[in-house]
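Asker: I'll drop the sequence and a predicted model, then ask my questions.
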There are 2 protein chains.
Amino acid sequence: MTTPSSTSLETAITELSLAIGQVLRRLRAESNPDELTWSQIVALARLEKAGPMTTADLARAESVKPQSMGATLAELEREGLVERHPHPTDGRQVLFALTAEGVEARRKRGALKREWLLAAMAKFDPDERQTLMSAAALIKRLSESE
Amino acid sequence: MTTPSSTSLETAITELSLAIGQVLRRLRAESNPDELTWSQIVALARLEKAGPMTTADLARAESVKPQSMGATLAELEREGLVERHPHPTDGRQVLFALTAEGVEARRKRGALKREWLLAAMAKFDPDERQTLMSAAALIKRLSESE
DNA sequence: TATTGTTATACTCTATAACTATA
DNA sequence: TATAGTTATAGAGTATAACAATA
């Protein structure tokens, strides 16, 4: 833990985590009153990819507490972007599913963030884009670590 | 914007941004009552790297509003981790600098997050670590885009 | 007993708006 | 006028604690 190589690994980790934090602040800042919030986009994207899920499963998948995910889902439900269905066999559980409006909203009301990222990525050369795409998969594994 | 290649770029971008968000949530979750918050770590790291800075410069560097950075610095000052110095020529500006306690705190009170990241990185092979380190520099450029 | 979800409450982070002091 | 910083207020995101319903 005190060898030169782990020290440089630690420096690199600091740089990586600072950079990650900053990109997320930039993404959050790309917004207008109609735009979905980041946590809403994340929840909708997860439901679209994985199909109907319970609050607890969504919370586990996104590394937040069930109460926090519950608040996000309550707001999405209020806007008609998700709807709840009873679980077929377990009366405690509630399955949340995207509505047609939810699919539409995810495409349209996250546009500014997507456009900012696309424009920023366009400034990289193909090799650099490839590195970022490879890194995306690794960062995903990183977030699932432990 | 509708060609196959930009579509796959867009998919990759979505994956990248979701992964980035999730890593940051994991990092935030690695905490105990003594641990510094993420925004405190970021501000201390910036001051340590770049030397004394004004609120406005720090805010620009981290893509937040001066008022937001002011709140972070006020808390750090209350804990004795930074101190303010008058600007030599401009009476409006205030230069914030790390104290000895600030240097110490950055090393010790962000330990859980650093340990989690180190442990997670240890699970990658050398090629993958190299990809992540290259990506760190690119992600930094991404955050500075525009 | 353990799990799912809800309600209540609080803290962090960030924003906007209005203000003061200095340039 | 323009800029640096402060104060006041609000909203998003998340957490913990206490509870009810179901398994």
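Answerer: Yes, it's here. It should be emphasised that the depicted structure is a prediction, and the values quoted were computed from it without experimental measurement.
Asker: the residue nearest the centre of chain A: what's it in contact with?
Answerer: For chain A, the residue sitting closest to the mean C-alpha position, by CA atoms, centre = their mean, is residue A:42 at 3.6 Å. Contacts for residue A:42 (CB atoms under 8 Å, 6 or more residues apart in numbering or on different chains) come out as A:62, B:18, B:21. For glycine as for every other residue, the C-beta is placed from the backbone atoms N, C-alpha and C.
Asker: need the pLDDT of the closest residue in space to residue A:56 that isn't next to it in sequence.
Answerer: Nearest non-adjacent residue to residue A:56, counting by CB to CB, 6 or more residues apart in numbering or on different chains: residue A:66, 5.1 Å away. Note on residue A:66: pLDDT of 96.
Asker: same deal with residue A:4?
Answerer: 48.
Asker: next structured bit after the longest helix along chain A?
Answerer: Longest helix in chain A, counting residues (DSSP state H): helix A:4-29. Sequence order places helix A:38-50 as the next helix or strand after helix A:4-29, per DSSP states H and E.
Asker: what stretches of chain A score poorly on pLDDT?
Answerer: Along chain A, the model assigns pLDDT under 70 to residues A:1-7.
Asker: tell me the residues of it that contact DNA strand D?
Answerer: A:37-40, A:63-65, A:67-68, A:71-72, A:89-92 (CB under 7 Å from any atom of the strand).
Asker: switch to 6 Å and redo it
Answerer: A:37-40, A:64-65, A:67-68, A:71-72, A:90-92 (CB under 6 Å from any atom of the strand).
Asker: still on that earlier bit, and DNA strand C, which of the contacts of residue A:42 contact it?
Answerer: Within the contacts of residue A:42, nothing lies near DNA strand C by CB under 6 Å from any atom of the strand.
Asker: one step back: give me the buried entries from the residues of chain A next to DNA strand D.
Answerer: Among these, those buried by neighbour count (16 or more other CB atoms under 10 Å in any protein chain shown) are A:38, A:39, A:40, A:64, A:72.
Asker: for these, work out which two are farthest apart.
Answerer: Spanning the widest gap among these are A:40 and A:64, at 12.9 Å by CB to CB.
Asker: so what would you say the end-to-end distance of stretch A:84-93 is?
Answerer: End-to-end span of stretch A:84-93 (CA to CA, to the nearest Å): 10 Å.
Asker: wondering if that stretch reaches DNA strand C at all.
Answerer: Yes - Stretch A:84-93 reaches DNA strand C (CB under 6 Å from any atom of the strand) through A:92, A:93.
Asker: buried residues, that stretch. List them.
Answerer: Result for stretch A:84-93 [16+ other CB under 10 Å]: no buried residues.
Asker: residues in contact with that stretch?
Answerer: A:52, A:54, A:56, A:77, A:94, A:95, A:96, A:97.
Asker: by neighbour count, which of those residues wins?
Answerer: residue A:96 (21 neighbours; other CB atoms under 10 Å in any protein chain shown).
Asker: I'd guessed that one sits against residue A:72; true?
Answerer: No - counting by CB atoms under 8 Å, residue A:96 does not reach residue A:72; the two are 10.1 Å apart.
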